[in-house]
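Q: My questions concern the predicted model and sequence given below.
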Amino acid sequence: MSSFSPFSKEELFPQEEMLEIRKQKGELFIGLPKESYLGEKRVCLTPDAVAALCSHGHRIVIETGAGDHANYSDRSYSEAGAKISSDVEEAFKCSIVLKVAPPTEKEIEYMNPKTILISSLQLKTQNKSYLKSLTNKQITAVAFDYIKDENETYPIVKSLSEIAGTASIMIAAELMSGTNLGNGLLLGNIGGVPPSSIVIFGAGTVGEYAARAAIGLGARVKVFDNSISKLRKLQHALHAPIYTSTLQPKSIAKALMRADVAIGAIRGKNRSPICATKEMVENMKDGAIIIDVSIDRGGCFETSNLTTHKTPTFTKYGVTHYCVPNIPARYARTASLSISNIFTPYLLNIAEEGGFENAVRFDKSLRNGMYFYHGILTNKTVADWFDLPFRDINLLIL
């Protein structure tokens, strides 16, 4: 009489180790609400991006009018495969919500629990009640301005900085020619006429693209920054002789006295350093222009005050100040294309990895951008800013 064994002979042999395998490709359910923040005209996905996502089997709900300010019609999104909804809440009910500006607390109430939110963070404008709202809904939140790629750069921040740098020169040129504000000068270099003089504080991405645009117009450019390596890198990138200097008050004062345009593009860690004092601005030419791109960090000029796209300028000591914190929104279509081109591969990769949860395990850049995971604060910078406890995301996703 043979004894009974619950195991087959094959099961009793040593087995191969079973490694974790990636999940099968998943379907994404994405919502694009209309931006409600004053002056925000951008949209996260263009119709072409929507078509690419829908062709991979993903569903997208777009609130009617979401692309209007970027000149993308509801019809173009509908033809690309998206559902257009007039219900304010429907786009917020999707499992993934894409926004440029962070949602308001009221908009967070529209979201389902455990929604994935991808937007900017705009840390300086937030408060503890906003974070509490995310906690209560167990939201997983990714700040696209915190996403860092494999090259250790912030792709969306860099792209928008390129726009801001180029735009600062275009805005300055427009203001200089204005009959009421400017001094009637053409920003450029015309035969027999001295070229315009441009002073730029900051040799980062904004400063580089501002200098590139100004040099292209034939202006004389001076760049100030306390990082010698950044100044060297800038000189190499521009392929043109350019005046560079560290932030020395005497040199700055002298340069500003002769400047037709001054641009602030130094951000700093917490607040932008004040590079130009009130006295320096007082000694600038009547009709000179200040474009303070760093105003969202306090500004590089002591005389700077926050302005809006609706009322973008004010005049102080005869100098026109342009201190709008969100310059790329002025060029909504270009900025939307830029953001969309970066978002689309991320979204397709999330689907390929079998969903967001699995993608986060393999994609370090997404973890870098995450500041909430199922309602748990995971970003040290945000935690320090609000004096709150946080958990390391790498320990939560194991």
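A: Structure's in. What do you need? Residues are numbered from 1 along each chain as shown.

Q: Got the phi and psi for residue 322?
A: phi -120, psi 110 (degrees, to the nearest 10).

Q: next one: the one 10 residues further on
A: Comment: the main-chain dihedrals of residue 332 come out as phi -60, psi -40, following degrees, to the nearest 10.

Q: I'd like to check which residues are in contact with it.
A: Residues in contact with residue 332 (C-beta atoms under 8 Å, 6 or more residues apart in numbering) are 41, 42, 43, 69, 70, 71. C-beta: built from backbone N, CA, C; applies to glycine.

Q: go on, residue 169?
A: So residue 169 contacts 187, 198, 210, 213, 214, 217, 261, 263 (C-beta under 8 Å, 6+ apart).

Q: name the element residue 361 belongs to?
A: helix 356-362 (DSSP states H and E).

Q: How far away from the center of its chain is that helix?
A: Distance of helix 356-362 from its chain centroid, counting by C-alpha atoms, centre = their mean, to the nearest Å, is 23 Å.

Q: again with stretch 265-280
A: 21 Å.

Q: repeat for stretch 199-218
A: For stretch 199-218, the distance to the chain centre is 19 Å (C-alpha atoms, centre = their mean).

Q: try stretch 26-42
A: 14 Å.

Q: related to what we said a few turns ago, so among the contacts of residue 332, which ones count as buried?
A: Applying 16 or more other C-beta atoms under 10 Å to those, the neighbour count classes 41, 42, 43, 69, 70 as buried.

Q: Tabulate those (a markdown table), appending distance to residue 29, secondary structure and pLDDT.
A: What follows is these, written out as a markdown table (distance: C-beta to C-beta, whole Å; DSSP: H, G, I helix; E, B strand; the rest coil; pLDDT from 0 to 100):
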| residue | distance to residue 29 | secondary structure | pLDDT |
| --- | --- | --- | --- |
| 41 | 25 | coil | 91 |
| 42 | 22 | coil | 94 |
| 43 | 18 | coil | 96 |
| 69 | 25 | helix | 93 |
| 70 | 23 | helix | 95 |
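
Q: And the helices in the stretch 51-200 of the chain, which stretches?
A: Under the criterion DSSP state H, counting those that start in this stretch, helices of the stretch 51-200 of the chain are mapped to 74-80, 105-110, 128-136, 155-177.

Q: Just the ones of the contacts of residue 169 in helices?
A: 210, 213, 214, 217 (DSSP state H).

Q: With respect to residue 150, which of those is nearest?
A: Set against residue 150, the nearest of the ones in helices among the contacts of residue 169 by C-beta to C-beta is residue 210 (27.4 Å).

Q: in this structure, what spans have low per-residue confidence?
A: 1-25, 179-182, 398 (pLDDT under 70).

Q: at 50 instead, please
A: Residues of the chain meeting the criterion pLDDT under 50: 1-12, 18-22.

Q: pretty sure residue 306 is touching residue 297, no?
A: No - shown here, residue 306 and residue 297 do not form a contact pair, counting by C-beta atoms under 8 Å, at 11.2 Å.

Q: Roughly how far does the residue sitting nearest the centre point of the chain sit from residue 193?
A: Nearest residue to the geometric centre of the chain (C-alpha atoms, centre = their mean): residue 157, 4.2 Å. Distance of residue 157 to residue 193, computed by C-beta to C-beta, to the nearest Å: 37 Å.

Q: Break the chain down into its domains, please.
A: Using automatic domain parsing, the domain ranges for the chain come out as 23-146+331-396, 159-325.

Q: how about those domains, which one is nearest residue 152?
A: The nearest among the domains of the chain, by C-beta to C-beta, is domain 23-146+331-396 at 9.7 Å.

Q: tell me how far the closest one is from the chain's mean position?
A: With C-alpha atoms, centre = their mean, you get 13 Å for domain 23-146+331-396.
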